[in-house]
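Chemist: the sequence and its predicted three-dimensional model are supplied below.
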Amino acid sequence: MHKTDKLTVTPLAKTAFGASVELPDYANNDPANLNDDDFEQLFNAVHENLVVVIPGQAELPPKSQYLLTKRFDPTLPEPKDVAGASYGHGKEFRHSQSVLRKDGTSVKSQPQVQILGQGVFEAGEPGNDNDETIKLTHPSHTTFHHTPLTEDEIKNEHKTRFYRWHIDSALYDLSPPVVTTLLGIKVPPATQTQTIDYADGSGDVLELTQGATCFVSGARAFKNLSEEDKQFALNTTVEYAPHPYIFISPAGATSDGLTMVSEGKEFAFDKLPEWEESKIKKLPMVWTNPVTKEPHLQLHGCCLYKMHTKKEDGSVETIDLVEAREKAHKLMRPSIAPSEVLAHSWKQGDLVIFFNRGVWHSVTGEFKGVGAEGKDERRLMHQCNIASSNDPICVR
């Protein structure tokens with residue numbers, strides 16, 4: 001077995017961003033054990049490469065995953081309660097009307113870590129430390145998109161969609177996490193491929209393995225904008241709806257998962273759970289990477305409500321929901337072209353750490369379900385991201 005006394009970072013082959021990491025021997029295959037110097041190298045690697053993969057972590061304890069995730073943001077306080085309100089997986093995500101209501105359950109012993117996946121897992125199976133059977137459902141575009149693929153396109157043509165391009169964040173009250181860690185504990189063999197259907201007449205096609213997680217670099221997205229659009233982005237603040245995942249739940253997403261189709265179906269604000277004006281998130285459209293100092297185009301096209309743009313004369317123009325969605329789509333669509341997407345094909349034990357303030361990402365893939373037909377497609381993952389104490393900033 002190869003031995004190393006230092007942390008090693010290797011850029012991923014044939015991709016514009018991303019890297020793999022080999023841990024030093026003293027860490028005992030647990031990245032939470034890294035000394036300060038090696039963690040600083042990992043910290044920089046995540047910010048510079050945006051997506052980092054550490055293989056062979058299938059047995060990483062939830063506590064280690066939490067401690068590692070928390071270490072990326074030294075401003076974080078200790079959790080306020082075990083229900084999860086302080087780190088973004090509390091009532092907001094589990095509300096019965098939220099589009100995120102089915103996205104997993106918490107690890108009871110470490111509730112900052114979420115259990116995601118597909119299938120039924122008995123108590124005691126690897127990855128299910130809870131004392132009960134859990135049933136997991138992989139998010140499918142068929143329940144979220146305005147006009148989903150047909151059953152024939154999914155089953156016989158093996159097509160899929162980007163489910164929802166997003167940044168991990170509650171986008172109400174809580175600040176976006178710095179990083180997300182995502183651990184593949186039970187992963188089906190990567191033998192089946194599916195094809196992304198962009199469904200926009202562009203002819204774009206992206207073939208990937210079933211259930212791949214896709215990433216886009218916000219730095220490349222900004223760099224690829226026209227000079228006019230760069231100035232617009234740099235001078236624009238994005239206002240998100242209160243309880244945005246509940247606000248959008250009656251609506252349907254565009255076929256590329258970038259934003260929502262505007263039909264006036266969103267919940268009226270007076271029909272939402274109680275909310276406060278002071279907790280509404282108004283974030284810059286461009287966030288500065290604290291390590292590279294690069295500008296990243298970072299917006300959540302599904303959850304936005306308005307844009308506020310500072311004009312040359314100092315006045316501020318407000319762009320309302322329908323036009324704001326159209327503008328977001330125009331800015332974001334070029335960056336989900338096949339050549340821009342890093343589609344991570346999961347291997348059992350992969351720990352993916354991504355700079356949540358520097359990428360957008362999307363679930364992909366269709367699974368057969370939890371019955372006998374889908375018994376070989378079970379998968380279980382642990383996810384951890386923790387709301388920061390501070391909002392991202394744009395340094396001009």
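Modeler: Structure received.

Chemist: mind listing the helices for the stretch 201-350 of the chain?
Modeler: For the stretch 201-350 of the chain, the helices defined by DSSP state H, counting those that start in this stretch occupy 218-223, 227-234, 244-247, 321-332.

Chemist: how many other residues sit next to Ser278?
Modeler: As a burial measure, Ser278 scores 6 neighbours (other C-beta atoms under 10 Å). Every residue, glycine included, has its C-beta placed from N, CA and C.

Chemist: then Thr318?
Modeler: For Thr318, the neighbour count with other C-beta under 10 Å is 12.

Chemist: after the biggest strand by length in the chain comes which helix or strand?
Modeler: Counting by DSSP state E, the longest strand found in the chain is strand 110-121. Note on strand 110-121: by DSSP states H and E, the next helix or strand toward the C-terminus is strand 134-136.

Chemist: sorry, back to before: of the helices of the stretch 201-350 of the chain, flag the one that's most buried.
Modeler: Mean neighbours per residue, mean count of other C-beta atoms under 10 Å, is largest over the helices of the stretch 201-350 of the chain for helix 244-247, with a mean of 24.

Chemist: just for the stretch 51-200 of the chain, where's the confidence low?
Modeler: 78-103 (pLDDT under 70).

Chemist: could you pull out the strands for it?
Modeler: 51-54, 105-107, 110-121, 134-136, 159-160, 179-186, 193-197 (DSSP state E, counting those that start in this stretch).

Chemist: please apply the same query to the stretch 251-396 of the chain.
Modeler: Ranges of strands in the stretch 251-396 of the chain, per DSSP E, counting those that start in this stretch, are 282-284, 286-288, 295-297, 304-310, 316-319, 342-344, 351-355, 359-363, 379-385.

Chemist: what's the closest of those strands to Gln112?
Modeler: The stretch from these with the least distance to Gln112 (C-beta to C-beta) is strand 379-385; that distance is 5.7 Å.

Chemist: CA-only coordinates of that closest one, as CSV, when you get a sec.
Modeler: This file holds the C-alpha atoms of strand 379-385, laid out as CSV (Å, rounded to 0.1, in the frame of the first residue of the first chain):
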residue,chain,number,x,y,z
ARG,A,379,-27.8,4.3,-2.1
LEU,A,380,-27.0,6.1,1.1
MET,A,381,-25.1,9.3,1.6
HIS,A,382,-24.2,11.6,4.5
GLN,A,383,-24.3,15.3,3.9
CYS,A,384,-23.2,18.1,6.2
ASN,A,385,-23.4,21.9,5.7
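
Chemist: and it, which strands flank it?
Modeler: strand 110-121 (antiparallel), strand 179-186 (antiparallel) (DSSP bridges).

Chemist: switch those strands over to TSV; also include mean neighbour count and distance to Gly365.
Modeler: Shown next, in TSV, are those (neighbours: other C-beta atoms under 10 Å; distance: least, C-beta to C-beta, whole Å):
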stretch	mean neighbour count	distance to Gly365
strand 110-121	22	9
strand 179-186	24	13
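
Chemist: closest one to Phe269 among the ones you listed?
Modeler: Judged by C-beta to C-beta, the one of the strands paired with strand 379-385 that comes nearest to Phe269 is strand 110-121, at 28.3 Å.

Chemist: any chance of TSV for the strands of the stretch 51-200 of the chain, columns distance to Met307?
Modeler: Formatted as TSV, the strands of the stretch 51-200 of the chain follow (distance: least, C-beta to C-beta, whole Å):
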stretch	distance to Met307
strand 51-54	28
strand 105-107	34
strand 110-121	31
strand 134-136	36
strand 159-160	30
strand 179-186	25
strand 193-197	28
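
Chemist: among those strands, which is nearest Lys281?
Modeler: Per C-beta to C-beta, nearest to Lys281 of the strands of the stretch 51-200 of the chain: strand 179-186, 17.8 Å.

Chemist: neighbouring contacts of the closest one?
Modeler: 46, 57-58, 60, 65, 68-69, 72-73, 117, 121, 125-127, 168, 213, 346-356, 378-385 (C-beta atoms under 8 Å, 6 or more residues apart in numbering).

Chemist: let me know the angle separating it from strand 359-363.
Modeler: 30 degrees (axes from the mean of the first three to the mean of the last three C-alpha atoms, to 10 degrees).
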